[in-house]
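In: give the three-dimensional model of this entry:
(chains A and B)
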There are 2 protein chains.
Amino acid sequence: MRYWLVGYDIADMRRLQRVGRFMEDYGQRLQYSVFLCRLEPQEMQRMRRRLRRLLNLKEDRVFLLPLCRECFHRMEQLGRPLSLQIDQDYWIL
Amino acid sequence: MRYWLVGYDIADMRRLQRVGRFMEDYGQRLQYSVFLCRLEPQEMQRMRRRLRRLLNLKEDRVFLLPLCRECFHRMEQLGRPLSLQIDQDYWIL
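Out: Below you'll find the model as predicted:
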């Protein structure tokens, strides 16, 4: 199980909404177009494959960033706090 | 020197543009509201302090995520590729 940060710039409004709804099945919305996902490797593969099909690969851009515990631990927030839905065991170093 | 991913949701359009211009002095725009920054600790402190002053802390939200080399290495992209301005030495594990 690993945490992933998935962020996207989608050129088309309808596609953007579709990707947002799609991502809500896989993780927590950290920001409008950034999600925090906690996925098993096979889930990640399936998500990647299905996400790719939603995109216009010439116009849209997505980054998928795996987070080790240490980086995850060091994430900081400014402003309106967001309570991250995380597992306690991920916090044990 | 460390890589940081900085992403933000800013509630006000003018503030959003101001934060975008501010962040362009500190890193590369990965997406509309996500920047990849490579900063020394003191630079990061100064950036965090100045960024905080630009925000409405009740309305806006920023995450600041440090990236270790391993997480950085595993970053994936889908769609329109972005050439990351990175140092070769950061790639040596």
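
In: can you show me the strands along chain A?
Out: A:2-9, A:27-31, A:34-39, A:61-67, A:76-79 (DSSP state E).

In: what residues does chain A have near chain B?
Out: For chain A, the residues in contact with chain B (C-beta under 8 Å from any C-beta of the partner chain) are A:5, A:7-9, A:30-34, A:48, A:51-52, A:55-68, A:70-71, A:74-82. All C-beta spots, glycine's among them, are computed from the backbone N, C-alpha and C.

In: now the residues you listed: which count as buried?
Out: With neighbours counted by 16 or more other C-beta atoms under 10 Å in any protein chain shown, the residues of chain A next to chain B contain buried members at A:5, A:7-9, A:30-34, A:48, A:51, A:55, A:60-67, A:71, A:75, A:78-79.

In: ok, A:G79 touching B:N56?
Out: Yes - in terms of C-beta atoms under 8 Å, A:G79 counts as a neighbour of B:N56; the distance is 7.4 Å.

In: count of residues packed around A:F22?
Out: Using other C-beta atoms under 10 Å in any protein chain shown, A:F22 has 15 other residues around it.

In: what number of residues lie near the closest residue to it other than its chain neighbours?
Out: Nearest non-adjacent residue to A:F22, counting by C-beta to C-beta, 6 or more residues apart in numbering or on different chains: A:L54, 6.0 Å away. When neighbours are counted by other C-beta under 10 Å, A:L54 registers 17.

In: got any ranges where chain A has weak pLDDT?
Out: Low-confidence segments of chain A, defined by pLDDT under 70: A:85-93.

In: next up, the contacts around the spatially closest residue to A:E43 that is not a sequence neighbour.
Out: Leaving aside its sequence neighbours, A:E43 sits nearest to A:Y26 (C-beta to C-beta, 6+ apart; 7.4 Å). Taking C-beta atoms under 8 Å, 6 or more residues apart in numbering or on different chains as the contact definition, A:Y26 lies against A:6, A:35, A:37, A:39, A:43, A:47.

In: where's A:Y26 relative to B:E76, distance?
Out: 15 Å (C-beta to C-beta, to the nearest Å).
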